[in-house]
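J.: Could you work out the structure for the sequence below:
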Amino acid sequence: MTRLWFMALVASCVVFTLVPQVDIAFSSLFYRNGGFSGTGSNVLEAVRQSIWTASICVALFALVGALVAIVRGSFLGSTYRIWNIVVAVYILGPGIAANLVLKSYWGRARPASITEFGGATDFTSALWPTDQCEWNCSFVSGEASGAAAAAVAIWLLSAPISSPWLRRTIRACAVAIPIVGSALRIAAGRHFLSDVVFAVLIVTGIALVMLKYRRRATAEVTLAAE
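T.: Prediction:
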């Protein structure tokens, strides 16, 4: 999994740096008659709000689960370390990396704000900080990072489920959450493809690092006991 993540990161950095126009081309698929097709639809907005609400609910549930697991040692079949990882992914991913740092200081304008789509600001490459936006900017997507954190949480917390079919079904639904949520943000002209790709990569990267730390900690405890 770590190798796949690293390959995805390198490929994304290369593509969106060498061919930044990929972002405009992808967003153009949803731009018609002077507007983005994802805006103005009550159904799509309801789906978007549902995904956002689900992400927040999963975060709150993880916080409660972590507190219970610390006291009891485990909760719903997962140890306190797993619950702590889920909480840490939310805090470090959507909380700090996405919303507190990148969206606040990267300065990338949203698709609907650039001149190519009728706006007044310039298009800039994803990985280059700029000054085209003052606050709540495009890079990275906060909602995509929250949806990715929810997917990571559901994936990890579904591990104790004994039925392989049920576990795979739940995990498939978990993967669908950031995919659908990201697609809706792009279709609404609120984010570029690279905004959601790097949001997901940041969150999953944090999760992989935390899981690796957990395995090391578990191994050290085992060796100490022996």
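
J.: What residues does the spatially most central residue of the chain make contact with?
T.: For the chain, residue 145 is the residue whose C-alpha lies nearest the centre (CA atoms, centre = their mean; 2.3 Å). If you count contacts by CB atoms under 8 Å, 6 or more residues apart in numbering, residue 145 has them with 93-94, 97-99, 199-200, 202-203. Backbone N, C-alpha and C define where each C-beta goes, glycine included.

J.: which stretches of this structure form strands?
T.: Along the chain, counting by DSSP state E, strands occupy 31-32, 35-36, 74-75, 78-79.

J.: Could you save those strands as JSON lines and add columns showing mean pLDDT, distance to residue 210 and mean neighbour count?
T.: Output for those, formatted as JSON lines (pLDDT from 0 to 100; distance: least, CB to CB, whole Å; neighbours: other CB atoms under 10 Å):
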{"stretch": "strand 31-32", "mean pLDDT": "93", "distance to residue 210": "38", "mean neighbour count": "14"}
{"stretch": "strand 35-36", "mean pLDDT": "94", "distance to residue 210": "36", "mean neighbour count": "18"}
{"stretch": "strand 74-75", "mean pLDDT": "94", "distance to residue 210": "17", "mean neighbour count": "18"}
{"stretch": "strand 78-79", "mean pLDDT": "92", "distance to residue 210": "13", "mean neighbour count": "17"}
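
J.: what residue ranges in this protein score low on pLDDT?
T.: 215-226 (pLDDT under 70).

J.: how about a cut-off of 50?
T.: Across the chain, the ranges flagged by pLDDT under 50 are 217-226.

J.: what are the ranges of the helices in it?
T.: 2-18, 21-28, 42-72, 80-90, 103-105, 142-157, 164-187, 193-225 (DSSP state H).
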